[in-house]
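Undergrad: Sharing a model that was predicted from the sequence below.
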Amino acid sequence: MLTRQAARLWSIELRAIRDAVQAPLPGNGLRASLVLSGLLRFMLEAGRAAAPASPARQLRERIDADEACRRSLEELAADCGYSCDHLRRAFHAEYHIAPQQYRMQRRMARAMELVMGSGMTVKEIAAHLGFPHVTHFSTAFRAAHGRAPSDARRHGRIPPPGTTG
């Protein structure tokens, strides 16, 4: 829905386009194009903001925002205002993957980023990502990436923490 303030802004923008097109000055064609592209961008963003996110998308956004994976799916579902069962079905229908699998993929992608690009030890990374034991983290990392975190770091030519390389 177009608000009164947005309608006034659109009216001003449209007059600027009309004036730029009608005046035969060298930069006016470009000015009209720029104003028109700004107006179109505004319309697209307004349409995007008006469309509510699906329950599955809401859950996905919350999973993505929970970088350290500290919150349970039950907590995330409660934030969305839906039951866990409803969100599991909706998520699978929309993304063709279970939310728990998606969450583990995101967690392991984050783990690889930390292993390859941070100075954190494997133990620190495991704790940061919410794994109760380093062995649990290493097992999950190996299942996701085909090698242990220390091997990934070594093969990525990133020196382990505490060494110069």
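TA: Perfect, I can see it now.

Undergrad: So for the one helix or strand residue 139 maps to, what gets flagged as buried?
TA: Mapping residue 139 onto the secondary structure by DSSP states H and E places it in helix 134-145. Applying a neighbour-count criterion of 16 or more other Cβ atoms under 10 Å, one finds 134, 137, 138, 140, 141, 145 buried in helix 134-145. Glycine gets a C-beta too; all of them are placed from N, C-alpha and C.

Undergrad: Against residue 99, how distant is the fifth one?
TA: With distances defined as Cβ to Cβ, to the nearest Å, the gap from residue 141 to residue 99 amounts to 20 Å.

Undergrad: again, but for residue 89
TA: 10 Å.

Undergrad: where are the low-confidence patches of the protein?
TA: The chain contains residues with pLDDT under 70 at 1-2, 24, 26-32, 35, 39, 46-51, 157-165.

Undergrad: For it, which segments are assigned as helices?
TA: 4-22, 28-50, 55-65, 73-80, 84-95, 99-117, 122-128, 134-145, 149-155 (DSSP state H).
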